[in-house]
Structure formats: C-alpha cells, structure tokens
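K.L.:
Let me see the structure of the following:
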Amino acid sequence: MFRKNPKKDRQDDMFRPRLENLIDPRHEQVKLALILARQELFITRP
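P.N.:
You can find the predicted model right below:
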C-alpha cells in the first residue's frame, strides 16, 4: 500500500515561531557549540 504524503503548507506554521528565532546566538552554550563544531572540522582522523 502507498502511504499518502501530505504536504504541509507554510500557512500552518504561520503562528509557530521558528527555532532560529528562539535561540539567542549570544548565549554561552550556543557559542560553545559553534566552537566545538568548528574544531571538529579541523580534526584529522586516520
């Protein structure tokens, strides 16, 4: 049987805040996460 894949309209999310608007980029944990993500890019793995 085929499953129906309903498309979500943007209108459904009109009053729902986006995650990027909820996260404060100046918060210490956000800064730490960015630093760790950048460091992982430069780690050379065998």
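K.L.:
shaky segments in the protein?
P.N.:
Within the chain, the stretches with pLDDT under 70 are 1-12, 44-46.
K.L.:
Number of residues surrounding residue 42?
P.N.:
Look at residue 42: counted by other Cβ atoms under 10 Å, it has 6 neighbours. Quick note: C-beta positions are derived from backbone N, CA and C, even for glycine.
K.L.:
before we move on, what about residue 25?
P.N.:
Around residue 25 there are 8 residues (other Cβ under 10 Å).
K.L.:
got it, and the one 10 residues further on?
P.N.:
Using other Cβ under 10 Å as the criterion, residue 35 is surrounded by 10 other residues.
K.L.:
where's it, which helix or strand?
P.N.:
Per DSSP states H and E, residue 35 falls inside helix 28-42.
K.L.:
can you list the residues that contact that helix?
P.N.:
For helix 28-42, the surrounding residues in contact (Cβ atoms under 8 Å, 6 or more residues apart in numbering) are 23-25.
K.L.:
likewise stretch 13-24?
P.N.:
residue 30.
K.L.:
at 6 Å what do you get?
P.N.:
Here stretch 13-24 makes contact (Cβ atoms under 6 Å, 6 or more residues apart in numbering) with no residue beyond itself.
K.L.:
Residue 19: neighbouring residues, count only.
P.N.:
By other Cβ under 10 Å, 7 other residues sit near residue 19.
K.L.:
Tell me how far it lies from residue 40.
P.N.:
21 Å (Cβ to Cβ, to the nearest Å).
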